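Colleague: Here is my input, please return the structure:
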Amino acid sequence: MRRITEVGEDVLARPCRDVTEFGSLELATLIDDMFLTMYVADGAGLAANQVGVDLRLFVYDCWDDQGIRHVGHILNPVLELPEPGERRLVDDMEGCLSVPGAGLPVPRTDHAVVRGLDQDGDPLTVEGTGYFARCLQHETDHLLGRTYVDRLSKRDRKEALRQMEERREAVFAQRASREAELGPR
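Modeller: Numbers count the residues shown, from 1 in each chain. Below is the predicted model of the structure:
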């Protein structure tokens, strides 16, 4: 379990570096740690900068709107969205492990493709619809130095930060409880 960074920390506000070394035990361990951290925090995705690592990498375990579960990781992702005339924006609730306890509607396209590499450096394409498309966009944003609150109006951003302040301790208590359930690794 790694510590999850919070909105306001510098590592979340700057673009991450490309992964340039593949197939290492260190990279595999980072990916495993990120999955564990995501599961303990009850998340659907987690970017490396959310655990304080300045690399373009995220993991996910997310369902799409057709009930299909998608589990994996992607390094150096490049997001592709439908052309403006072909995209459908969906304004739906979004939360973030780095903004504990807060959630507000954010417009995202209902379809997304991410191209990148797996941990061995092999090409990888991940396509998502519905909630999974939202997840792909959200995690790619992290690697560009943006959180979902950066997409909100000034008023909504204030509301997200208020929610976080109000609910933060309860979220941390829940995470600690889940971590204790899992026991030592």
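Colleague: Residue 108: what secondary structure?
Modeller: Secondary structure for residue 108, judged by DSSP: H, G, I helix; E, B strand; the rest coil, is strand.
Colleague: what's the nearest residue to it if we skip its chain neighbours?
Modeller: In space, and not counting its chain neighbours, residue 108 is closest to residue 134: 4.7 Å by C-beta to C-beta, 6 or more residues apart in numbering. Heads up, the C-betas are built off the backbone N, CA and C, glycines and all.
Colleague: For that neighbour, which residues are in contact?
Modeller: 90, 92, 94, 108 (C-beta atoms under 8 Å, 6 or more residues apart in numbering).
Colleague: which ones are touching the closest residue to the third one other than its chain neighbours?
Modeller: Right, residue 94. Spatial nearest neighbour of residue 94, chain neighbours left out: residue 106 (4.3 Å); criterion: C-beta to C-beta, 6+ apart. Each residue near residue 106 by C-beta under 8 Å, 6+ apart is listed here: 91, 92, 93, 94, 148, 151, 152.
Colleague: can we see that at 7 Å?
Modeller: Residues near residue 106 by C-beta atoms under 7 Å, 6 or more residues apart in numbering: 94, 148, 151.
Colleague: Turn those residues into TSV, columns for pLDDT and secondary structure.
Modeller: Below are the contacts of residue 106 laid out as TSV (pLDDT from 0 to 100; DSSP: H, G, I helix; E, B strand; the rest coil):
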residue	pLDDT	secondary structure
94	95	strand
148	95	helix
151	94	helix
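Colleague: how much space between the residue nearest to residue 108 and residue 88?
Modeller: Distance, residue 134 to residue 88, using C-beta to C-beta, to the nearest Å: 12 Å.
Colleague: same check, this time on residue 53
Modeller: As for residue 53, its distance to residue 88 is 34 Å (criterion: C-beta to C-beta).
Colleague: Those two: which is more packed in?
Modeller: Higher neighbour count among residue 53 and residue 88: residue 53, with 17 against 9, using other C-beta atoms under 10 Å.
Colleague: What score does the more buried one have for pLDDT?
Modeller: The score at residue 53 is 97. That number is its pLDDT.
Colleague: and it, that's in a strand?
Modeller: No. Applying three-state DSSP, one finds residue 53 to be coil, outside a strand.
Colleague: Skip the chain neighbours and tell me the closest residue to it.
Modeller: residue 30 is the one closest to residue 53 (C-beta to C-beta, 6+ apart), at 6.4 Å.
Colleague: any weak-confidence spans in this structure?
Modeller: For the chain, applying pLDDT under 70 flags the ranges 183-185.
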